[in-house]
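J.: Build me a model from this:
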Amino acid sequence: MVQPLHPTILAIESSCDETSASVIRSGKVLNNVIASQAIHHKHGGVVPELASRAHQQNILLVVNEAMQTADIKGNELNAIAFTRGPGLMGSLLVGVSFAKGMALALSIPMIEVNHMEAHVLAHFINERPTFPFLCLTVSGGHTQIVLVKDYLDMHVIGETQDDAVGEAFDKAAKMMGLPYPGGPLIDKFAQLGNASTFKFSQTVMPGLEFSFSGIKTAFLYFLRDRKKENEKFVEENLNDICASLQRHLVQMLLQKLKLAAQQTGIREIAIAGGVAANSGLRNELAQTAKELNWKIFIPEFQYCTDNAAMIAMAAHYKFLAGKFCSMDVAPIPNLAIGG
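T.: The predicted model follows:
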């Protein structure tokens, strides 16, 4: 069957703790409906079982809102897209199962989308980077430098060998007694502090690889030793601690990104993922771009965190390439870029 050149696609994102749906028509995102899960805040992190249950409660409401606000009927859809991975198995299953049921009911094809590839393609919602470009994808679960040769041709050229930078932010925040999610709070307090107040040691890794587990351990010992001298150390120095730690983590990211740009000769640089919303990273990247004559691309805040609009954009290009999946598709929690 000949596929339309201007498809209308419904996309679903359910990889972690955001239930989201989006409709894209002719490559233009019409909406981006997101239902967040506040239940995890009191637990200090995402609880997988609670996340999957919340997805089951939210997904029909979110999809209905996306269809209604886009003024789209089911018979106008050409395909339904969903996140296959990476993510939490229970959460992914909800989105995959819903997509299968809807695709069967409407007799339309399905499109599986890699969550991390979608983060990269979020840049095409409003802007249009020129290929090839480098994308630093940074989130609670991933820290990668991706060489993007085309919409569907990406290669990871550097990544963390242990923890992600987003986890480092959140765990450091937890050590200071800040509520979950702590990364945005560190950013908030950092804007009020002096980033030169405290120094932290660097993790030395070969090539374009990252490591953040040692940073968490070093920060734990730093707080322990300072609190022995002053029980109110964190309370009295919170802004400066956050500013110093944030600058340290951002510099670790940019050090590798500069090396990747130098090695590849590429000057079109993008960032994506939840940590791409961090003001310190955005400001330092902008300053680096001026110094090194980079052209940078940063998504809107709503497209940095998990969202279905980026799934929809990835699905649009997969649709044009005729890349559909069968009904026996299953989630892959550790799905890699290019996998």
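J.: Give me the nearest residue to Phe297, chain neighbours excluded.
T.: Ala270 (4.1 Å; CB to CB, 6 or more residues apart in numbering). C-beta: built from backbone N, CA, C; applies to glycine.
J.: can you tell me which residues contact that neighbour?
T.: Val120, His123, Pro129, Phe133, Leu134, Cys135, Leu136, Val148, Ile296, Phe297, Ile298 (CB atoms under 8 Å, 6 or more residues apart in numbering).
J.: Which of the residues you listed are buried? Put it as a ChimeraX command.
T.: Per 16 or more other CB atoms under 10 Å, the buried members of the contacts of Ala270 correspond to this ChimeraX selection:
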select :120,123,129,133,134,135,136,148,296,297,298
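J.: coming back round to it: and the residue nearest to Phe297, how far from Leu335?
T.: 21 Å (CB to CB, to the nearest Å).
J.: what do you get for Asp162?
T.: Asp162 is 19 Å from Leu335, by CB to CB.
J.: what packs against the worst-scoring helix or strand of the chain on mean pLDDT?
T.: Least confident helix or strand of the chain, by mean pLDDT, DSSP states H and E, is strand 33-36 with a mean of 90. Judged by 3 or more CB pairs under 8 Å, 6 or more residues apart in numbering; DSSP states H and E, the packing partners of strand 33-36 are strand 18-25, helix 48-69.
J.: most neighbours per residue, which of those?
T.: Comparing the helices and strands packed on strand 33-36 by mean neighbour count (mean count of other CB atoms under 10 Å), strand 18-25 ranks first with a mean of 27.
J.: Show residues contacting that one.
T.: Counting by CB under 8 Å, 6+ apart, 6-14, 29-37, 54-55, 58-59, 62-63, 65-67, 70, 72, 305-309, 311-313, 315-316 sit against strand 18-25.
J.: rewinding a little: between Asp162 and Leu335, who's got more neighbours?
T.: Leu335 (21 against 17; other CB atoms under 10 Å).
J.: can I assume that one sits in a helix?
T.: No: using DSSP: H, G, I helix; E, B strand; the rest coil, the assignment for Leu335 is coil, not a helix.
J.: Any figure for the gap between the closest residue to it other than its chain neighbours and Gly141?
T.: With sequence-adjacent residues excluded and distances taken as CB to CB, 6+ apart, Leu335 is closest to Gly85, at 3.1 Å. Distance, Gly85 to Gly141, by CB to CB: 11 Å.
J.: Settle it for me: which of these two has more neighbours?
T.: Using other CB under 10 Å, the more surrounded residue of Gly85 and Gly141 is Gly85, with 22 against 19.
J.: just for this protein, where's the confidence low?
T.: 1-4, 37-45 (pLDDT under 70).
J.: What is the neighbour count of Leu121?
T.: Leu121: 27 neighbours (other CB under 10 Å).
J.: same question, Ile72
T.: 18.
J.: next one: Glu76
T.: 14.
J.: So it is in contact with His6, correct?
T.: No: with contact defined as CB atoms under 8 Å, Glu76 does not count as touching His6 (11.6 Å).
J.: Can you tell me the centre-most residue of the chain?
T.: Gly273 (2.7 Å; CA atoms, centre = their mean).
J.: buried ones in the least confident helix or strand of the chain?
T.: Val33, Ile34, Ala35.
J.: measure the last one to Ile266 for me?
T.: Here the distance between Ala35 and Ile266 works out to 37 Å (CB to CB).
J.: now swap in the first one and tell me
T.: Taking CB to CB as the criterion, Val33 is separated from Ile266 by 35 Å.
J.: repeat for Pro179
T.: Where Ile266 is concerned, Pro179 sits at a distance of 39 Å (CB to CB).
J.: Which one's more surrounded, these two?
T.: With neighbours defined as other CB under 10 Å, Pro179 and Ile266 compare such that Ile266 has more, 18 against 11.
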